[in-house]
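Participant: show me how the following folds:
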Amino acid sequence: MSLILSEQEQVRRGALKEMYDLGINPYPPEAFEVNTTTDFINSNFREDESSLQDVSIAGRIMSRRIMGAASFCELQDAKGRIQLYFKRDDICPGEDKTMYNTVFKRLLDIGDIIGVRGYVFVTQMGEITIHVRELKVLSKSLRPLPIVKEKDGQIYDAFTDPEQRFRMRYVDLIVNESVRETFIKRTKIINSMRNFFNEQGYLEVETPILQPIPGGAAARPFITHHNALDIPLYLRVANELYLKRLIVGGFDGVYEFSKDFRNEGMDRTHNPEFTVMEIYVAYKDYHWMMDFTEKMLERVAVETTGGTKVTISNNEIEFKAPFKRIAILDAIKEHTGFDVSQSDEAELRTICRKLGVEINEAMGKGKLIDELFGEKCEHHYIQPTFITDYPVEMSPLCKRHRDNPELTERFELMINGKEIANAYTELNDPIDQRKRFEDQMNLSERGDDEAMFIDQDFLRALEYGMPPTSGMGIGIDRLVMLLTGNTTIQEVLFFPQMRPEKIRKGVSADDFIEIGVSAVWAGHLVPAGFVSVEMLQSEKAAVIQNKLNGYRKKNKLDLPAVQMEEVEVWLKK
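Facilitator: Here you go, the predicted model:
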């Protein structure tokens, strides 16, 4: 980001001042009545009908064709684009032609927001167009937009730099229609899920973001401090334990779309702030939850994409239920050749080393199995697959398996090689739960900073009795990635976390005077395009002379022309 105004930005500020001088407020306070949208006009106008003869619409100027007494521009609103036709004597019926000759033709720019009133017709070229009778300036844009050109279906000069797009999402949304469609579809996905839950009679709830104990997941938390209470608080890593408290309280089914926070790395599929949906239903188990999850995802896919098949990274993914199911230990055996079902911690370490899986001394048996699966198996599961029956060491909040107490009744849903959902038959034995928490504390003492804390209040809630329950959490951001065909989480977050932007401060006239630039010219070098001494001295003398004298002529400055001898002095210092 630069605090130095470019030449275009200076021109726009000049136009802003001129509007004020003409008595036009470029940021008017009053509402502008809109009675239609671009997509409604484009879909419903019929040339042989007398409809849409009094339309009022507002939006942003995206292109202009300035001619003499008549001109065209393209207007973009939230729904699309439409051509506008301006005729001088229609928007200026009296003697004063300022609104057309000065404001529209000279002071308005691409990116400005305007409101117009008029009627719809079809041009000789067959394009649906609004014939403008009234024009109102609604917001003057002081920065130029990237100009994305399209010809014969080809896009030119696209705004594609990822860092710029993510930092300036507002610009990205203006110029890239596909980005707007991604976020519209995100809302549709969430609404489809919400409707599915509500139809089952489940209650949407809200639970705390600031928590005294970061429970419900094995993750590193963000820590803050409450001044009035003088206690540390944590941004939640999961909302699981609070939702299960509500099941104890007597609700049959609760769910929440929540923002969770984990103080971990950032990559193509991880952002420190992310959206999760968690649902808990009493008197159910993980078999029921698998059926429930695949039915929900099939419906969401149909309602948001029109079918059950979605293509991402050249993989066609089928969301039609039922999904494949395989136990995690069987998956490890299938993809590594090692049967780890009877392996202790030492044997697991040996196997990991043989397979080249990176491990450390803080990892217990559960974490070692997790690393094995993540490194050697996970990426194979492109089609939706439930990975089931995790070892008890990996699942401190999950009920032991009914047939094998060394395992738990847990599944993770893998799609396109990534975990999308995680679910349990929930542990409701308070004594077993306390022991699991204590085991987690032992891992913490060994250096595992993702081990869970002991939540005494949650244990107290369990001691009042929680009915048999199944719970499931699903990563909304990753699900949106799948259903929109995006490969990075940053593409489906309006404002992903970024490194702080470097701000380039302006150079002063004194900096140029120090290298020999005359005082009368020093204040004009930045507007002319030389935003630093270094930039000036990196150019050839002839280029500098031509550029400055061209700037002098264009802006009709009463300054002496720059001589080659002067420029050569600047470059020597």
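
Participant: element containing L443?
Facilitator: Applying DSSP states H and E as the criterion places L443 in helix 430-445.

Participant: correct me if wrong, but V116 is in a strand.
Facilitator: Yes. Per DSSP: H, G, I helix; E, B strand; the rest coil, V116 lies within a strand segment.

Participant: which residue packs closest to it, ignoring adjacent ones?
Facilitator: Spatial nearest neighbour of V116, excluding adjacent residues (C-beta to C-beta, 6 or more residues apart in numbering): V132 at 4.6 Å. C-beta: built from backbone N, CA, C; applies to glycine.

Participant: got a list of what that neighbour touches?
Facilitator: Counting by C-beta atoms under 8 Å, 6 or more residues apart in numbering, V132 makes contact with L84, Y85, F86, K87, D90, I91, V116, R117, G118.

Participant: show me what it is bridged to.
Facilitator: Counting by DSSP bridges, V132 is bridged to F86, G118.

Participant: same check on T385?
Facilitator: Counting by DSSP bridges, T385 is bridged to K324, M414.

Participant: ok, H225 touching Y234?
Facilitator: No. Contact criterion C-beta atoms under 8 Å: H225 and Y234 do not qualify, at 10.5 Å.

Participant: more neighbours, those two?
Facilitator: The neighbour count for H225 versus Y234, taken as other C-beta atoms under 10 Å, is higher for Y234 (19 against 9).

Participant: is the more buried one in a helix, a strand, or coil?
Facilitator: State at Y234, reduced to three classes by three-state DSSP: strand.

Participant: how about A238, what does it touch?
Facilitator: Going by C-beta under 8 Å, 6+ apart, A238 touches G215, G216, A217, A219, D260, V276, E278, G473.

Participant: helix/strand/coil for the second one?
Facilitator: G216 carries the three-state label coil when classified by three-state DSSP.

Participant: my read: it touches E256, true?
Facilitator: No. Taking contacts as C-beta under 8 Å, G216 lies outside contact range of E256: 11.7 Å.

Participant: mutual contacts of the two, please.
Facilitator: Common neighbours of G216 and E256 (C-beta under 8 Å, 6+ apart) are N239.

Participant: these two: which is more packed in?
Facilitator: G216 (26 against 20).

Participant: how near is that one to N176?
Facilitator: G216 is 37 Å from N176, where distance means C-beta to C-beta, to the nearest Å.

Participant: again, but for M99
Facilitator: Going from M99 to N176 by C-beta to C-beta gives 32 Å.

Participant: how about stretch 316-323: buried residues?
Facilitator: Applying a neighbour-count criterion of 16 or more other C-beta atoms under 10 Å, one finds I317, F319, A321, F323 buried in stretch 316-323.

Participant: quick check: closest non-adjacent residue to D510.
Facilitator: Sequence neighbours aside, A522 is the residue nearest to D510 in space, at 7.5 Å (criterion: C-beta to C-beta, 6+ apart).

Participant: quick one: contacts for that neighbour?
Facilitator: Neighbours of A522 in contact, by C-beta under 8 Å, 6+ apart: A509, D510, F512, I513.

Participant: just checking, which of those residues belong to strands?
Facilitator: Here DSSP state E is the test, and those give no hits in strands at all.

Participant: nearest to T488, of those residues?
Facilitator: Minimum distance to T488 across those is 42.8 Å, recorded for F512 (C-beta to C-beta).

Participant: nearest residue to that closest one in space, ignoring adjacent ones along the chain?
Facilitator: The shortest distance from F512 to any non-neighbouring residue, by C-beta to C-beta, 6+ apart, is to A522 (4.3 Å).

Participant: the bottom helix or strand of this structure by mean pLDDT?
Facilitator: strand 154-156 (a mean of 61; mean pLDDT, DSSP states H and E).

Participant: show me what contacts the residue nearest in space to the middle of the chain?
Facilitator: Per C-alpha atoms, centre = their mean, the C-alpha nearest to the average position across the chain is that of L493, at 1.5 Å. Residues counted as contacts of L493 (C-beta under 8 Å, 6+ apart) are N271, F274, D477.

Participant: rewinding a little: would you reformat the contacts of V132 as TSV and include pLDDT?
Facilitator: Converted to TSV, those look like this (pLDDT from 0 to 100):
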residue	pLDDT
L84	97
Y85	97
F86	97
K87	96
D90	94
I91	94
V116	97
R117	97
G118	96
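
Participant: would you mind checking those residues for buried ones?
Facilitator: Among the contacts of V132, those buried by neighbour count (16+ other C-beta under 10 Å) are L84, Y85, F86, D90, I91, V116, R117, G118.

Participant: identify the farthest-apart pair in those.
Facilitator: The most widely separated members of the buried ones among the contacts of V132 are Y85 and R117, with 13.0 Å between them, by C-beta to C-beta.
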